[in-house]
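>>> let's see this in three dimensions:
(one chain, ligands or ions: 2)
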Amino acid sequence: MASATPLRVLFPAAAAPARPPDPAVSSSLTTHRTLPPQRNHLRANLFTSPSRSPKARRTLTAAAAAAAVGGGRPTVLVTEKLGPAGLELLREFANVDCSYELTAEELRAKVSLVDALVVRSATRVTREVFEAARGRLRVVGRAGVGIDNVDLQAATEAGCLVVNAPTANTVAAAEHAVALLAAMARNVAQADASLKAGKWQRSKFIGVSLVGKTLAVMGFGKVGSEVARRAKGLGMDIIAHDPYAPVDRARAIGVDLVSFDEAISTADFISLHMPLTPSTEKIFDDETFAKMKQGVRIVNVARGGVVDEDALLRALDNGTVAQAALDVFTEEPPPKDSKLVHHENVTVTPHLGASTTEAQEGVAVEIAEAVIGALRGDLAATAVNAPMVPNEVLSELSPYVILAEKLGRLVVQVVSGGSGIKRVKVVYSSARDPDDLDTRILRAMVIKGIIEPISSAFINIVNADYVAKQRGLQITEERIWLDGSPEVPLDSIQVHLANVESKFAGALSDAGDIRVEGKVNDGTPHLILVGSFNVDVSLEGNLLLCCQVDQPGIIGKVGSILGNMNVNVNFMSVGRTAPGKEAIMAIGVDEEPEKESPQIDRRNTVCCGVCLS
Ligand SMILES: NC(=O)c1ccc[n+]([C@@H]2O[C@H](COP(=O)([O-])OP(=O)(O)OC[C@H]3O[C@@H](n4cnc5c(N)ncnc54)[C@H](O)[C@@H]3O)[C@@H](O)[C@H]2O)c1
Ligand SMILES: O=C(O)[C@H](O)COP(=O)(O)O
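Ligands and ions are numbered 1, 2, ... in the order given. Down below sits the predicted model:
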């Protein structure tokens, strides 16, 4: 098994490395600026926040930015009330700016000064906010479940991690749904208001019973399933609709999963628990209300936007919907003169689903821990726009993560010609069952390794796939199943570039692709194949690749040329097709040779050298 060191991925400990200018993929790469052979550096950069503005990047590396705002500590902006325990945790780690009820303009002005932003449902974290952050904002923490107020696409493009607190308010939301269900059925709110207005209207507020009635739970996730459990205890029959919920989980608590139409047409009560997404927006419209049982009662503690509120009003007015209980609204707060809010058959609460002391404490701690973890560089388990990879998987993959980036960096440096890189194939050789090998991070790191040296983009695990797509890079992955120990996650990683020319003839495989392969030996990344040549050389530090015709004296010749340049060779590996035929040398060097130096013999004995980091 690989080392159990947790993989730190987000917050660079040091300033980001100087970027080369933005050459075309095909530009000459005879020698390449090397980066220090620092593993931590690579780890830190796995999740380094990108910036669209090179200037912002130069001036706002994490360490520099944190230092600029106070003693090297990051700064967290909290824009909505957060439980004290969570704030306390944040304050132990960061400077915390609690600024509530900011206008959009005020938020944009503040966001470029902070490393993390913590919000609830009222703060709209739009594309403009990410743009205004100019690359500094690394994490948005949503203290709650719904992330419909955060522009996830813009966050991803900006390489900003979004984390939420998905579990701590589940029970509170479920309890609120049940409270609204019962209150609606028994007219509690209306009767309360009437009595307080000096009236005694017992016959007006005759309710309906819950026992024996059918409740359709729309969205059988965390809250939906807890509502189902509780409603069962009230003697209701529960059906649920959720296209993605496992049937077994529903069955285990005695709930049948049914189609959308069956759910809405058979239920006496309907409780909404799906997220607001483009596909659920206004899913309850005139057409769906028309399919419901006459006199149905509806509870919504999910999101106002899943209901077409005008259509609901019409359905209430024409009696299709007898009553509704709403905690959430399309616009929050809803307009003061909202007909829906003032409808006599509607019970409303101002988005209180998560508002219990217990839930708010839990959510605050959950989000504080997620944000701190992300700022420290841990991949958050509650990441919304990045692969959620459990810590043990990350630990185990950590040396391969470094290998993947190194191979990406290496392969791009042997490209030449004007066509640019279009197709990348990553091949994983492993004895593991494919389902037990999560390669998303590895793919992201290959992309990072390929794109960063040839562009001004900063790639991290959040935006790797997005940036690759933007640049027209087609990434495919393949597995080679090996008969070995599944204890070791991977035997090797190959990176192939198709349809490109190489300035290093030795890097071309028989199929004409540029191909490199590496593996992890004793925790360090090693290059084991270049083109068709087997080599074995560490990928830590600088690497010089030379193509030659196998003949006596070459190794000594190269060694002495490097010696004359004061470049120390730390090891060397020669791969050849056959004695006296083509060969390559992979040479680990302590210093970076002068730019043109690897072109050491023009009579084609050593035809080309490529210096890599
Ligand atoms: N009112 C509040 O204060 C409050 C509190 C907590 C959660 N919420 C909201 O409740 C909703 C559910 O939260 P959760 O924690 O249970 O989330 P969840 O992700 O655990 O569950 C959502 C479920 O909806 C399902 N779903 C997705 N699309 C669907 C569709 N078209 N039809 C039916 N089901 C669909 C998903 O498969 C998932 O099982 C979210 O919108 C969340 O924002 C509101
Ligand atoms: O999605 C959620 O978690 C709830 O809607 C709670 O939102 P809030 O944090 O604004 O109360």
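>>> going forward, measure contacts and count neighbours with C-alpha atoms only.
Noted.
>>> list the buried ones in stretch 167-187?
Using 16 or more other CA atoms under 10 Å as the test for burial, stretch 167-187 gives 167-178, 180-187.
>>> quick one: low-confidence parts of the protein?
The model of the chain has pLDDT under 70 over residues 1-71, 379-380, 388-391, 417-419, 456, 593-613.
>>> give the residue farthest from the middle of this structure.
Most distant residue from the mean C-alpha position of the chain: Trp200, 56.2 Å away (CA atoms, centre = their mean).
>>> which non-adjacent residue is nearest that residue?
Ser194 (7.2 Å; CA to CA, 6 or more residues apart in numbering).
>>> that neighbour reaches Lys204, doesn't it?
No. Proximity of Ser194 to Lys204 does not meet the contact threshold set by CA atoms under 8 Å, at 10.1 Å.
>>> comparing those two, which residue is more hemmed in?
Ranked by neighbour count (other CA atoms under 10 Å), Ser194 and Lys204 place Ser194 first, with 14 against 10.
>>> what packs against the helix or strand containing that one?
In this assignment (DSSP states H and E), Ser194 forms part of helix 188-196. Contacts defined by 3 or more CA pairs under 8 Å, 6 or more residues apart in numbering; DSSP states H and E place helix 188-196 against no helix or strand at all.
>>> residues in contact with it?
183, 200-201, 205, 344, 347 (CA atoms under 8 Å, 6 or more residues apart in numbering).
>>> now do the contacts for Asp435.
Asp435 neighbours (CA under 8 Å, 6+ apart): none.
>>> ok, it to Pro486 distance?
12 Å (CA to CA, to the nearest Å).
>>> mind listing what's buried in stretch 96-111?
Quick answer for stretch 96-111 (16+ other CA under 10 Å): 96-97, 107-108, 110-111.
>>> sitting in strands, which of these do you find?
Taking DSSP state E as the definition of strands, the buried residues of stretch 96-111 contribute 96-97.
>>> dump the buried residues of stretch 96-111 to a markdown table, plus distance to ligand 1.
Below are the buried residues of stretch 96-111 laid out as a markdown table (distance: CA to the nearest ligand atom, whole Å):
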| residue | distance to ligand 1 |
| --- | --- |
| Val96 | 25 |
| Asp97 | 24 |
| Leu107 | 22 |
| Arg108 | 24 |
| Lys110 | 26 |
| Val111 | 24 |
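>>> pick out the most distant pair among the buried residues of stretch 96-111.
Val96 and Arg108 (17.0 Å; CA to CA).
>>> up against ligand 2, what does the protein have?
120-122, 143-146, 354-355 (CA under 6 Å from any ligand atom).
>>> would you list the buried entries among those?
For these, buried by 16+ other CA under 10 Å: 120-121, 143-146, 354.
>>> nearest to Gly86 among these?
Ala143 (9.8 Å).
>>> on the three-state scheme, the residue in the stretch 301-450 of the chain positioned nearest to ligand 1 is what?
Residue of the stretch 301-450 of the chain nearest ligand 1, by CA to the nearest ligand atom: Gly353 (3.2 Å). What DSSP: H, G, I helix; E, B strand; the rest coil gives for Gly353 is coil.
>>> over to Glu591?
coil.
>>> next up, the contacts around it.
542, 566-568.
>>> what subset of the residues you listed is buried?
Applying 16+ other CA under 10 Å to the contacts of Glu591 flags 542, 567-568 as buried.
>>> and of these, the nearest to ligand 1?
Among the buried ones among the contacts of Glu591, and counting by CA to the nearest ligand atom, the member closest to ligand 1 is Asn542, at 46.8 Å.
>>> surely the closest one touches Val589?
Yes. Using CA under 8 Å, Asn542 makes contact with Val589 at a distance of 5.4 Å.
>>> where do the helices sit along the stretch 251-400 of the chain?
260-266, 286-291, 309-317, 339-342, 357-376, 391-412 (DSSP state H, counting those that start in this stretch).
>>> leaving aside the residues next to it on the chain, what's closest to the residue in the stretch 151-300 of the chain that ligand 2 sits nearest to?
Ligand 2 sits closest to Asn169 of the stretch 151-300 of the chain, with a gap of 6.4 Å, by CA to the nearest ligand atom. Leaving aside its chain neighbours, Asn169 sits nearest to Ala359 (4.8 Å; criterion: CA to CA, 6+ apart).
>>> neighbours around the one you found, how many?
21.
>>> again, but for Gly484
11.
>>> hmm, back to that, can I get the buried ones among the contacts of Glu591 in CSV with secondary structure and distance to Glu80?
Below are the buried ones among the contacts of Glu591 laid out as CSV (DSSP: H, G, I helix; E, B strand; the rest coil; distance: CA to CA, whole Å):
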residue, secondary structure, distance to Glu80
Asn542, strand, 49
Val567, coil, 57
Asn568, coil, 58
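>>> can you redo those residues as CSV with distance to Ser395?
Formatted as CSV, the buried ones among the contacts of Glu591 follow (distance: CA to CA, whole Å):
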residue, distance to Ser395
Asn542, 26
Val567, 35
Asn568, 33
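>>> what is the nearest of the residues you listed to ligand 2?
Asn542 (49.1 Å).
>>> what about that closest one, distance to Val495?
Distance of Asn542 to Val495, given as CA to CA: 19 Å.
>>> surely Lys422 meets Gln474?
Yes. Using CA under 8 Å, Lys422 makes contact with Gln474 at a distance of 6.0 Å.
>>> check whether Ile450 sits in a helix, strand or coil.
Using three-state DSSP, the structure places Ile450 in helix.
>>> ok, for it, nearest residue in space, not its chain neighbours?
Gly408 (4.6 Å).
>>> list the contacts of that neighbour.
Counted by CA under 8 Å, 6+ apart, Gly408 has contacts 445-450, 495.
>>> and it, how far is that from ligand 2?
To ligand 2, Gly408 is 39 Å away according to CA to the nearest ligand atom, to the nearest Å.
>>> can you list the buried residues of stretch 96-111 in TSV and add distance to Glu517?
As requested, the buried residues of stretch 96-111 are exported to TSV (distance: CA to CA, whole Å):
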residue	distance to Glu517
Val96	46
Asp97	48
Leu107	47
Arg108	45
Lys110	46
Val111	42
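>>> looking at the buried residues of stretch 96-111, which one is closest to ligand 2?
Nearest member of those to ligand 2, counting by CA to the nearest ligand atom, is Leu107, at 17.1 Å.
>>> surely the closest one touches Phe130?
No. Using CA under 8 Å, Leu107 is not in contact with Phe130; the gap is 10.4 Å.
>>> quick one, phi/psi of Ala179?
phi -60, psi -40 (degrees, to the nearest 10).
>>> next: Asn164.
phi -130, psi 180.
>>> so it bridges to which residues?
Arg142 (DSSP bridges).
>>> that one and ligand 1: what is the separation?
Where ligand 1 is concerned, Asn164 sits at a distance of 10 Å (CA to the nearest ligand atom).
>>> from what I can see that residue touches Ile147, true?
Yes. Applying CA under 8 Å, one finds Asn164 in contact with Ile147, separated by 7.5 Å.
>>> more neighbours, those two?
Comparing Asn164 with Ile147 by other CA under 10 Å, the one with more neighbours is Asn164, at 27 against 24.
>>> what distance separates whichever strand or helix holds Ala583 from the centre of its chain?
Assigned by DSSP H and E, Ala583 falls within strand 582-589. Distance of strand 582-589 from the chain centroid (CA atoms, centre = their mean, to the nearest Å) equals 38 Å.
>>> and that strand, what does it pack against?
strand 533-538, strand 542-549, strand 569-576.
>>> give me the contact list for the shortest one.
Strand 533-538 is touched from outside by 506, 524-529, 571-577, 583-588, with contacts defined as CA under 8 Å, 6+ apart.
>>> ok, of the residues you listed, which come out buried?
506, 525-529, 572-576, 583-588.
>>> contact residues of the stretch 1-150 of the chain facing ligand 1?
145-146.
>>> now do the strands in the stretch 1-150 of the chain.
Here the stretch 1-150 of the chain has its strands, by DSSP state E, counting those that start in this stretch, at 75-78, 95-98, 116-119, 139-142.
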